[in-house]
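Novice: have a look at this fold, sequence not included:
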């Protein structure tokens, strides 16, 4: 995930832009998709080392951007949501990508 921008404030709450891309590689080709949305830190706490530890709620949209091999010509997209616990450098994440992909 990429987080290069400053947050917007909505009712006093930070909304950070979120974007990135993934590529799945298999024996018969690759499938790439990108995503764009925002994430919200929930109850952040500063640790003694200076890192921020919090729960994070993210959401947005994704779309298929490329395909090779058997995935060539695939199209689709949808919505995603995730919850992360820990720091930006590490932690645990539960994510769900919903939508459709067609050939």
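Specialist: Ah, there it is. Just so it is clear, the model here is predicted, and its values are computed rather than measured.
Novice: which strand is the longest one in this structure?
Specialist: What stands out as the longest strand in the chain, according to DSSP state E, is strand 29-46.
Novice: which neighbours does that one have in its sheet, and in what orientation?
Specialist: strand 13-26 (antiparallel), strand 52-67 (antiparallel) (DSSP bridges).
Novice: pick the most buried one from these.
Specialist: Of these, the one with the most neighbours on average (mean count of other CB atoms under 10 Å) is strand 52-67, at a mean of 16. C-beta: built from backbone N, CA, C; applies to glycine.
Novice: about what we covered before: so which bits of the longest strand of the chain are buried?
Specialist: The neighbour-count check on strand 29-46 (16 or more other CB atoms under 10 Å) flags 31-33, 35, 37-41 as buried.
Novice: please identify the helix or strand for the most far-flung residue of the chain relative to its centre.
Specialist: Each residue of the chain has a distance to the centre, and by CA atoms, centre = their mean the biggest one is for residue 48: 27.5 Å. In the assignment (DSSP states H and E), residue 48 maps to no helix and no strand.
Novice: circling back to that earlier point, nearest to residue 93, of the strands paired with strand 29-46?
Specialist: Proximity to residue 93 (CB to CB) singles out strand 52-67 among the strands paired with strand 29-46, at 8.5 Å.
Novice: what mean pLDDT does the helix or strand just after the closest one have?
Specialist: Sequence-wise, the next helix or strand downstream of strand 52-67 (DSSP H and E) is strand 75-87. Computed over strand 75-87, the mean pLDDT rounds to 90.
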